[in-house]
Every structure is written in structure tokens, then in C-alpha cells.
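Colleague: got a sequence here, can you model it:
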Amino acid sequence: MISLNKIMATACLLVMSTASALVHADDLDKVKQSGSLTFALTGKYPPFSFINEGGQLQGFDVDIGNQIAKKIGVKAVPVTTAWDGIVGGLLAGKYDAIIGSMAITDERLKAVDFTVPYYHSGAQLFVQKNSKVESVEQLRGKVLGVTLGETYETWLRTNHPEIQVKTYKGLPDILIDLQNGRIDGFVTDKIAGLLTIRDKRIDAKPVGALLYPEQVGIAVRKDSPALRAAINAALREISADGTFRNVSMKWLGTDIR
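Modeller: Presented below is the predicted three-dimensional model:
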């Protein structure tokens, strides 16, 4: 004979399971009911996201976010915010996702969930074009610039404490200080760095191999499995129908899948 306590315990588990499922389902429902997918990026990471001369936000990540929203059937609403507070904004519910070239790391996975990677790259050291530096090991006592809150800052402080690390709000500010000789180099995503110094005609160059590889994904809150699944499905669709390649060729001149 089943005891009353066991019946009550089973009923409680069923209620909790149902409530959890509803919360998960409601997360994607919220996006669909509002008719918009809000996603965060910095707007200071050309050519992935930046403000053009006309004051408009554009770039690779902006277009990818637009295409994902289109596949889900809602309007894309990009939100610019500082990188060092971007995860906190997601957790606070200020936007639904981060589509801002965020590397998937064990530390970030403690706070948020990620979609499948939508491209791969890695950390690259850049120095002035006339520099004789050939590797990060030659920069003892020198100053390297990084964007505040990026994985490059933590990596440098952990693996090369002998190097001075100076943080900035974005890559454009780093390049200004490099040109003015205030820093000896910088570390950023290889693709972003190469394209930016090319497009801005900056006298800089990459040196050495990748400091480490990175997989880049789209971050969502941990209570958002339905939204995460929908974004994954959208990524598969835009990859299969050629949309991703077109966006990549438009902004980067190569297919970075």
C-alpha cells in the first residue's frame, strides 16, 4: 500500500516539474508574444559591431542577430552596452541574449548558457608594424591593451603577470593609444584585429601563433532552454541556406564558420 507521504511527495515533484517546464516554455513565448528578440553587443568591436558615420549600428553580429530574429519570426532589437557589464545585463533581464562575439568559457558557463558555436577564432597579439617583438614572451615590463571584461585580460594576468595590462572600453580606444605610443601592443580576437587594422589603416601587425583558440557562441539565461533551442535552430537554418556565408563575406571577406 502506498503511503500518504509518498503520494504527497510524488505530487509535489509533478507540480515542480510542470512549473519548471512552463517557465522554460514561457521564456521563448515571451519573445514571441512581445514580437521582438533583444540582443546585446558593445557597438565598439568593428567589424562585428560598430556605429557608422551616419550614427547607425551595424556589423557582422548585428546582421547575424537580425537573421536569427527573422527565422524565429520576430523583430530584432540590438542593444549596445559596455562589455564589462554585458553578462550582468542579461541576468537582470535587460535583453534576451548576447550576440556579441562572446567566447564560450568555463567561467561564463557558470552564469549563462551558450548556443552551439557560430564561429571559431582565437586570441592574437598585435604590435606596431615597426616593432621587433615576435612573441608575448618578449614583453616583460611592457604594456598591453585589452578590452575590459574580455577573456584576454584574465589570460594575460594569469599567464603573464610580468606584463602590464591596461583595460579599455573598446578596440578603437586601444588603437588610438597604440598609435600614440602609450601601449606596446594589444591582444584581441585575430579576425577582428586583422580586419580593423586593415580597414582603419593602422600601422600594426599580428605576431606569433594564437595565444589560445576560442569558440564563439550566443549567450542566454540558464532558464531559457526553449529560446536557446530556437536560436540553435535558426543558426542551422542560416548556415544551410547560405545566409551565414553571405553575412560573413559581406563583413569579413571570408566564411568564418
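Colleague: show me where the stretch 101-250 of the chain has its helices.
Modeller: Here the stretch 101-250 of the chain has its helices, by DSSP state H, counting those that start in this stretch, at 106-109, 151-159, 171-179, 190-199, 225-240, 243-252.
Colleague: lowest average pLDDT across those helices?
Modeller: Ranked by mean pLDDT, these bottom out at helix 190-199, with a mean of 90.
Colleague: could you give the mean pLDDT of stretch 60-72?
Modeller: 98.
Colleague: contacts only, for the residue nearest the centre of the chain.
Modeller: Nearest residue to the geometric centre of the chain (Cα atoms, centre = their mean): M102, 1.9 Å. Shown in contact with M102 (Cβ atoms under 8 Å, 6 or more residues apart in numbering): I86, R108, F114, V216, G217, I218, A219. Every C-beta, even on glycine, is put in place using the N, C-alpha and C of the backbone.
Colleague: and what of T154?
Modeller: Counted by Cβ under 8 Å, 6+ apart, T154 has contacts E107.
Colleague: same question, L171
Modeller: K44, Y45, P46, T147, F186, T188, A192, G193, T196.
Colleague: can you tell me which residues contact the fifth one?
Modeller: Same thing as F186. With Cβ under 8 Å, 6+ apart, F186 has these contacts: L125, F126, L144, G145, V146, L171, I174, L175, L178, G193.
Colleague: mind listing the strands for this structure?
Modeller: Taking DSSP state E to define them, one finds strands in the chain at 36-41, 44-45, 49-51, 57-58, 75-80, 97-103, 113-114, 119-128, 143-147, 164-168, 185-189, 204-220.
Colleague: could you dump those strands to a markdown table with distance to A229?
Modeller: What follows is the strands of the chain, written out as a markdown table (distance: least, Cβ to Cβ, whole Å):
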| stretch | distance to A229 |
| --- | --- |
| strand 36-41 | 14 |
| strand 44-45 | 27 |
| strand 49-51 | 25 |
| strand 57-58 | 27 |
| strand 75-80 | 18 |
| strand 97-103 | 13 |
| strand 113-114 | 11 |
| strand 119-128 | 20 |
| strand 143-147 | 30 |
| strand 164-168 | 35 |
| strand 185-189 | 27 |
| strand 204-220 | 10 |
